[in-house]
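K.L.:
Here is my input; please provide its structure:
(one chain, ligands or ions: 1)
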Amino acid sequence: MSTIDASSLSFAKDSSENDNLALIQCRYKDMLITCPKEKGWVSENLYMYQGFWHFSNISYDVFSIEAMMAIQNTFQAQPTDIYLITLPKSGTTWIKAVTYAIVNRERYKNSTLSSHPLLAYNPHKCVPFLETEVFGKTSVYVDGCLPRLFATHIPYTSLLQSILDSGCRIVYMCRNPKDVLVSLFHFTNKLRDKSRCQMAFDEAFEMFSKGIMPYGPYWDHVKGYYNFSLEHPKSILFLTYEDMKEDTVNRVKHIAEFLGYPFTKEEEARGVVGEIVRLCGFKSLSEVNKHGDFREGVPNDAFFREGKVGDWRKHLTDEMTKVLTQITEQKFHGMDISFEVGAHVQN
Ligand code: A3P
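P.N.:
All right, here's what the predicted structure looks like:
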C-alpha cells in the first residue's frame, strides 16, 4: 500500500445526523436539568450522572452526557469488538495507537514506512470514541474491517449493557492520579476558550481532589474497572501507564495476546514488536502530530506534552502531594495497584 485511504479512517456523517442530534437533545433535556452541576475544566459545566461528572452541550464530535445517554440506549456491541477505556489524560492516545497498530499489522504489513496511518493521522482519527464520533451516526463506523476498535471514557457504572453482554475484549488503562491532574491542568489551559481565564493550578487541585473532573471522580472510575477486571479477567485487561512506560515491549506483547492477536515467533524475529513500539512511541506520534487540528479548537499537539512518569513532582506542593497520597491510599485500600515504576500490576 503506498497511499493512505483517508476515507477508510473517517467516521461517516449523513444527512439524518442533525435530526438525530436534535432528537437526542430534546429527549434528554429534562433529565439533564435534574443532574447536579459544577463548574467545568475545559467546558463551562460538568453534570453528575450515575455518580460521575460529564460534559453537556451536545454538538458534533464533542463529548456530552446526552450522547452517552443516547448510546446507552442505542449502541450494539459485537463479540469481536475491542473497547479501550481510560480516564482522560491517562494515555488514551497511546493505547489507541498501540492497539490499532497491533490489530491492523497484517493490513499495513507491506506499507512503506511513511504510509502507515499512524504516520499521517492522529491516533484519535484511527480509533473513534463512542461518545463522540460514533453516537448519533446511523452508519456508526465505516472502517469496515474487523475487529471494530472503539474508545470510551464512560465509567463502569454507566458502561453499556450491550458491551458487557457481548463478550468482547476491553483494555483499561489508568495512570497515577497526580500525573493525570497535571496533564489535565495543562490540557485544559491549552483548550480553554479565550473568553475564559486560564485555570490556576490550585483550583485544578481543589477540583480534582473533590473528584470533579470529566468522567471523575478519578478513584471511582479506576476502582470500577479494577473490580470488574478481578471478576472477569478474560474480558478485561487492566493496565497502568507507568507499567506500559517501564516495559513497553512486554506490555505490547501482552496486549496482543490478550486481544487474540499474538505475535508469532517469526514476527518477533523480524522485529515487528519493536517497530510497533517505535511507531506508537511519544517521539514518533508527537512529531507526526506537531501541526494541524484534530477538530475545531483542538490542535493535534494538545495530546502530546511530556509523556513522562512523575512530572507531577514539578507541580505539586508537599501539602498537595500528601492530600492526594492520602485519598489514593484510602480509596485504593486493599487493591493491588501501584503507580511506582518497578511495581507489578496484574499480568
Ligand atoms: P502529559 O500531559 O503528562 O505529557 P490522553 O491521551 O489520555 O489524553 O493522555 C495524554 C497524556 O499522554 C499526555 O501526558 C501525553 O503527553 C501522553 N502521551 C501521549 N502519547 C503518548 C505516547 N505515545 N507515549 C507516552 N505518553 C503519551
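
K.L.:
hey, let's count contacts and neighbours off CA atoms from now on
P.N.:
OK.

K.L.:
pLDDT on stretch 99-108, on average?
P.N.:
Regarding stretch 99-108, the rounded mean pLDDT is 93.

K.L.:
whoops, I mixed them up, stretch 184-191
P.N.:
96.

K.L.:
and that stretch, is it in reach of the ligand?
P.N.:
No - applying CA under 6 Å from any ligand atom, one finds stretch 184-191 separated from the ligand by no less than 6.7 Å.

K.L.:
can you pull out the strands in the stretch 1-150 of the chain?
P.N.:
Using DSSP state E, counting those that start in this stretch, the strands found in the stretch 1-150 of the chain span residues 37-39, 45-49, 52-54, 82-86, 149-152.

K.L.:
Give me the most central residue, the protein.
P.N.:
Thr92 (3.4 Å; CA atoms, centre = their mean).

K.L.:
one step back: for the strands of the stretch 1-150 of the chain, give me TSV that also has mean neighbour count.
P.N.:
Formatted as TSV, those follow (neighbours: other CA atoms under 10 Å):
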stretch	mean neighbour count
strand 37-39	15
strand 45-49	21
strand 52-54	25
strand 82-86	25
strand 149-152	23
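
K.L.:
which one of the ones you listed lies closest to Pro217?
P.N.:
Minimum separation from Pro217 across the strands of the stretch 1-150 of the chain (CA to CA) falls at strand 52-54, 6.3 Å.

K.L.:
So what's the gap between the closest one and the chain middle?
P.N.:
The chain centroid and the centroid of strand 52-54 are separated by 15 Å under CA atoms, centre = their mean, to the nearest Å.

K.L.:
where does the stretch 101-250 of the chain come near the ligand, residue by residue?
P.N.:
Contact residues (CA under 6 Å from any ligand atom) of the stretch 101-250 of the chain with the ligand: Asp179, Ser183.

K.L.:
quick one, helices of the stretch 201-347 of the chain?
P.N.:
Remark: helices assigned in the stretch 201-347 of the chain by DSSP state H, counting those that start in this stretch are 201-209, 218-231, 241-246, 248-258, 265-270, 272-279, 282-288, 318-331.

K.L.:
Could you save the strands of the stretch 1-150 of the chain as a markdown table and add columns showing mean pLDDT?
P.N.:
Shown next, in a markdown table, are these (pLDDT from 0 to 100):
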| stretch | mean pLDDT |
| --- | --- |
| strand 37-39 | 93 |
| strand 45-49 | 91 |
| strand 52-54 | 94 |
| strand 82-86 | 98 |
| strand 149-152 | 94 |
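
K.L.:
hmm, back to that, single out the most deeply packed of the helices of the stretch 201-347 of the chain.
P.N.:
Across the helices of the stretch 201-347 of the chain, the average number of neighbours (mean count of other CA atoms under 10 Å) peaks for helix 241-246, which reaches a mean of 20.

K.L.:
mean confidence for that helix?
P.N.:
Mean pLDDT, computed over helix 241-246, is 97.

K.L.:
so where's this structure uncertain?
P.N.:
Low-confidence segments of the chain, defined by pLDDT under 70, span residues 1-22, 24-25, 57-62, 111-114, 135-144, 342-347.

K.L.:
can you tell me the residue of the stretch 101-250 of the chain closest to the ligand?
P.N.:
As assessed by CA to the nearest ligand atom, the ligand sits closest to Ser183 within the stretch 101-250 of the chain, at 3.6 Å.
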